[in-house]
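Undergrad: With the input below, show me the fold.
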Amino acid sequence: MGSKRCGEGIRERDRTMTTWITICDTCRYAGQEGADLRRTDGERLAELLERRAAGTAVKTRRVSCLMGCAHGCNLTVQAAGKISYVIGRFAPEADAADAIIRYAELHARSESGQVPYRQWPEGIKGHFIARLQPLPEDG
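TA: Down below sits the predicted model:
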(Lines give C-alpha, C1' and ligand atoms only; values in the text may rest on other atoms or scores of the structure.)
Protein backbone atom coordinates (compact mmCIF):
# COMPACT_ATOMS: atom_id res chain seq x y z
CA MET A 1 0.00 0.00 0.00
CA GLY A 2 1.50 3.35 -1.04
CA SER A 3 1.94 6.31 1.24
CA LYS A 4 -0.59 9.12 1.13
CA ARG A 5 0.20 12.76 0.73
CA CYS A 6 -1.21 15.19 3.25
CA GLY A 7 -4.90 15.74 2.53
CA GLU A 8 -5.43 12.56 0.51
CA GLY A 9 -7.70 9.82 1.75
CA ILE A 10 -9.43 11.95 4.35
CA ARG A 11 -12.74 10.49 5.43
CA GLU A 12 -14.59 10.05 8.67
CA ARG A 13 -13.84 6.90 10.61
CA ASP A 14 -16.58 4.46 11.49
CA ARG A 15 -15.82 5.15 15.11
CA THR A 16 -14.56 8.36 16.60
CA MET A 17 -11.11 8.13 18.17
CA THR A 18 -10.28 10.08 21.28
CA THR A 19 -8.68 13.42 20.60
CA TRP A 20 -6.76 15.01 23.46
CA ILE A 21 -6.46 18.72 24.17
CA THR A 22 -3.32 19.33 26.22
CA ILE A 23 -3.59 22.76 27.84
CA CYS A 24 -0.72 24.81 29.21
CA ASP A 25 -1.92 25.93 32.62
CA THR A 26 0.95 28.36 33.19
CA CYS A 27 0.21 30.54 30.13
CA ARG A 28 -0.68 34.18 30.30
CA TYR A 29 -2.53 35.77 27.41
CA ALA A 30 -0.62 38.67 25.82
CA GLY A 31 -1.69 41.95 27.38
CA GLN A 32 -3.35 40.29 30.36
CA GLU A 33 -0.28 39.89 32.57
CA GLY A 34 -1.58 42.28 35.23
CA ALA A 35 -4.96 40.60 35.59
CA ASP A 36 -5.95 38.28 38.42
CA LEU A 37 -2.63 36.83 39.57
CA ARG A 38 -4.26 34.11 41.68
CA ARG A 39 -5.02 32.05 38.55
CA THR A 40 -3.23 32.08 35.22
CA ASP A 41 -5.06 32.61 31.95
CA GLY A 42 -4.11 29.02 31.06
CA GLU A 43 -5.93 27.79 34.17
CA ARG A 44 -9.00 29.81 33.21
CA LEU A 45 -9.00 28.44 29.65
CA ALA A 46 -8.41 24.90 30.97
CA GLU A 47 -11.48 25.16 33.22
CA LEU A 48 -13.64 26.30 30.31
CA LEU A 49 -12.35 23.52 28.06
CA GLU A 50 -12.77 20.84 30.71
CA ARG A 51 -16.44 21.78 31.21
CA ARG A 52 -17.15 21.91 27.46
CA ALA A 53 -15.36 18.62 26.71
CA ALA A 54 -17.60 16.64 29.07
CA GLY A 55 -19.71 14.17 27.10
CA THR A 56 -17.71 14.53 23.86
CA ALA A 57 -15.04 12.42 22.15
CA VAL A 58 -12.53 14.97 23.41
CA LYS A 59 -10.48 14.59 26.58
CA THR A 60 -8.41 17.24 28.28
CA ARG A 61 -5.29 17.30 30.37
CA ARG A 62 -3.15 20.06 31.82
CA VAL A 63 0.60 20.49 31.68
CA SER A 64 2.83 23.17 33.09
CA CYS A 65 4.49 24.90 30.14
CA LEU A 66 4.35 24.07 26.45
CA MET A 67 7.26 26.49 25.89
CA GLY A 68 5.20 28.81 23.70
CA CYS A 69 5.16 31.81 26.00
CA ALA A 70 5.11 34.26 23.08
CA HIS A 71 1.84 32.65 21.97
CA GLY A 72 -0.11 32.16 25.25
CA CYS A 73 -2.68 30.64 25.82
CA ASN A 74 -1.30 27.48 24.20
CA LEU A 75 -2.60 23.99 23.71
CA THR A 76 -2.22 20.95 21.51
CA VAL A 77 -4.87 18.92 19.69
CA GLN A 78 -3.67 15.37 19.16
CA ALA A 79 -4.64 11.72 18.82
CA ALA A 80 -2.72 8.51 18.23
CA GLY A 81 -1.73 8.07 14.59
CA LYS A 82 -3.04 11.48 13.52
CA ILE A 83 -1.64 14.89 12.65
CA SER A 84 -1.27 17.02 15.80
CA TYR A 85 -1.64 20.77 16.07
CA VAL A 86 -0.16 23.40 18.38
CA ILE A 87 -2.48 26.37 18.67
CA GLY A 88 -2.35 29.49 20.80
CA ARG A 89 -3.03 33.20 21.18
CA PHE A 90 -6.41 32.54 22.80
CA ALA A 91 -8.10 34.70 25.37
CA PRO A 92 -9.43 32.61 28.27
CA GLU A 93 -13.04 33.16 27.17
CA ALA A 94 -16.10 31.00 26.48
CA ASP A 95 -16.12 31.73 22.73
CA ALA A 96 -12.53 30.52 22.37
CA ALA A 97 -13.26 27.36 24.36
CA ASP A 98 -16.32 26.60 22.22
CA ALA A 99 -14.33 26.97 18.98
CA ILE A 100 -11.48 24.80 20.31
CA ILE A 101 -13.86 22.01 21.34
CA ARG A 102 -15.71 22.14 18.00
CA TYR A 103 -12.38 21.87 16.17
CA ALA A 104 -11.20 19.00 18.40
CA GLU A 105 -14.44 17.11 17.70
CA LEU A 106 -13.80 17.48 13.94
CA HIS A 107 -10.23 16.28 14.51
CA ALA A 108 -11.59 13.22 16.36
CA ARG A 109 -13.84 12.30 13.43
CA SER A 110 -11.13 12.79 10.80
CA GLU A 111 -9.17 9.70 9.78
CA SER A 112 -5.90 11.65 9.48
CA GLY A 113 -6.54 14.45 11.97
CA GLN A 114 -6.63 17.00 9.16
CA VAL A 115 -9.80 19.08 9.06
CA PRO A 116 -10.67 20.91 5.82
CA TYR A 117 -10.34 24.68 6.26
CA ARG A 118 -13.97 25.28 5.23
CA GLN A 119 -15.04 23.29 8.33
CA TRP A 120 -12.91 25.19 10.84
CA PRO A 121 -14.87 27.16 13.43
CA GLU A 122 -14.26 30.87 12.92
CA GLY A 123 -12.74 31.23 16.40
CA ILE A 124 -9.88 28.84 15.58
CA LYS A 125 -8.69 30.59 12.42
CA GLY A 126 -5.43 32.48 12.85
CA HIS A 127 -4.45 30.55 15.99
CA PHE A 128 -2.37 27.73 14.49
CA ILE A 129 1.31 27.69 15.42
CA ALA A 130 2.50 24.28 14.20
CA ARG A 131 1.28 21.09 12.54
CA LEU A 132 3.11 17.90 13.47
CA GLN A 133 2.95 14.71 11.45
CA PRO A 134 2.17 11.50 13.32
CA LEU A 135 5.08 9.32 14.32
CA PRO A 136 5.73 6.38 12.02
CA GLU A 137 4.34 3.09 13.21
CA ASP A 138 6.95 0.65 14.51
CA GLY A 139 7.56 -2.10 12.08
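
Undergrad: Which strands or helices does the longest helix belonging to the chain pack on?
TA: In the chain, ranked by residue count with DSSP state H as the criterion, the top helix is helix 94-109. Helices and strands touching helix 94-109, by 3 or more C-beta pairs under 8 Å, 6 or more residues apart in numbering; DSSP states H and E, are strand 19-24, helix 41-53, strand 58-63, strand 75-78. For glycine as for every other residue, the C-beta is placed from the backbone atoms N, C-alpha and C.

Undergrad: in this protein, which ranges drop under the pLDDT threshold?
TA: 1-16, 29-37, 139 (pLDDT under 70).

Undergrad: rewinding a little: would you list the helices and strands packed on helix 94-109 in TSV and tack on mean neighbour count?
TA: Formatted as TSV, the helices and strands packed on helix 94-109 follow (neighbours: other C-beta atoms under 10 Å):
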stretch	mean neighbour count
strand 19-24	24
helix 41-53	21
strand 58-63	18
strand 75-78	24
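
Undergrad: so which of these comes closest to Ala96?
TA: helix 41-53 (6.9 Å; C-beta to C-beta).
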